[in-house]
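J.: this one's sequence-less:
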């Protein structure tokens, strides 16, 4: 498995990051353990989770599964770079002060302790803010994470679903305080949604931030499968992208992949790290056999001609339907409309 540095941080991560979002609701614990075992054997040393993950089992369940896997073999902890996130309310629709979506010194102090307990570890290697919070001041933001870093509970700080201006704003504040600042940004980025190239990618390049794209397969649309009427998630993704899975675009893409002798999924994942800003591509795994493709994708070296054909096929305007409907929250995936309403409150 190929590895690289995470942005300007001098920590090494695999070019494929294991996404654990499905653990706990869609993927039972035994299967999740097998997936993590296989990923580690493959050389994947970068594991990503979040305190909100848990599917039908509820928030925190995914972290707990990862924690029990780590506890079963103590040697595993120092072999992985462990990332989790904080931002979303974990109490659902309940109106609880200081538990609404967002971050604060008050809220993060408690949430980081809960994540450490569930993960059964003494530190979080990469602690990511799951969405930008427009209400928090740069001073409170960095005092919060500086305290955690000084205590050794957090090693590096990352972002997720941030706009370019947000990354720059909080990094400038970090430098003023003599801090490393944000070293990574998770954005939804794939051949169908290239909107991050408009401002997020340039900001990452300027600030030395490693991009960690999620959904490199576009919710499965770039894996060669067609949404079924009963598959609510895939049909929802198709609507969000404003695409017709039966269109000639997908037929031509499948033909291009056939000419290369590779599956659609492998080509889609392999395209993402070709962007020089990308440190690692997050691949969410539901079943053990889904790990077969990412290993090949990390090794695939496609010619500049092939990459240009892909760029022409899915150009920068791809994903603009999603962007127009949700701007200025186009860079985010979850709860964009709710975040927009909060920003206007």
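T.: Sure thing, it's come through. Only a predicted model underlies this, so the values are computations on that prediction, with no experimental measurement involved.
J.: Quick check, residue 59 in contact with residue 49.
T.: No - with the criterion set as Cβ atoms under 8 Å, residue 59 and residue 49 do not qualify as a contacting pair; they are 11.4 Å apart. (Each C-beta comes from the backbone N, C-alpha and C, glycine too.)
J.: which one of the two has more residues nearby?
T.: When residue 59 is set against residue 49 and neighbours are counted by other Cβ atoms under 10 Å, the residue ahead is residue 49, at 27 against 20.
J.: Which parts of this structure are strands?
T.: With strands called from DSSP state E, the chain shows them at 3-5, 12-14, 16-19, 46-48, 81-86, 124-129, 154-160, 182-186, 210-211, 281-284.
J.: The fourth one pairs with which strands, and in what direction?
T.: What it means is strand 46-48. Paired strands of strand 46-48, with direction, are strand 16-19 (parallel), strand 81-86 (parallel) (DSSP bridges).
J.: among the ones you listed, which is the most enclosed?
T.: Neighbour counts (mean count of other Cβ atoms under 10 Å) averaged over each of these peak at strand 16-19, with a mean of 27.
J.: quick one: contacts of that one?
T.: Residues outside strand 16-19 that contact it (Cβ atoms under 8 Å, 6 or more residues apart in numbering) are 1, 35-36, 39, 44, 46-48, 83, 212, 214, 269, 280-285, 294-295, 297-298.
J.: give me that answer again for 6 Å
T.: Counting by Cβ atoms under 6 Å, 6 or more residues apart in numbering, the neighbours of strand 16-19 from elsewhere in the structure are 39, 44, 46, 47, 48, 280, 281, 282, 283, 284, 294, 298.
J.: what mean pLDDT does it have?
T.: If you average the pLDDT over strand 16-19, you get 96.
J.: Also stretch 125-143?
T.: The predicted model gives stretch 125-143 an average pLDDT of 95.
J.: how long is it from one end to the other?
T.: Distance across stretch 125-143, first residue to last, is 18 Å (Cα to Cα, to the nearest Å).
J.: count of residues packed around residue 295?
T.: The burial count assigned to residue 295 is 17, neighbours taken as other Cβ under 10 Å.
J.: mind checking how far it is from residue 269?
T.: Between residue 295 and residue 269 the computed distance is 10 Å (Cβ to Cβ, to the nearest Å).
J.: What is the neighbour count of the closest residue in space to residue 169 that isn't next to it in sequence?
T.: Nearest residue to residue 169 in three dimensions, chain neighbours excluded: residue 138, at 6.6 Å (Cβ to Cβ, 6 or more residues apart in numbering). Neighbouring residues of residue 138 were enumerated by other Cβ under 10 Å; the total is 15.
J.: in the chain, which spans are helices?
T.: Assigned by DSSP state H, the chain shows helices spanning 29-42, 61-72, 105-119, 138-150, 164-176, 200-207, 232-241, 248-260, 264-271, 292-299, 304-313, 320-326, 336-344.
J.: ranking those helices by burial, who's on top?
T.: Among those, ranked by average contacts under mean count of other Cβ under 10 Å, first place goes to helix 264-271 (a mean of 24).
J.: helices or strands up against that one?
T.: helix 248-260, helix 292-299 (3 or more Cβ pairs under 6 Å, 6 or more residues apart in numbering; DSSP states H and E).
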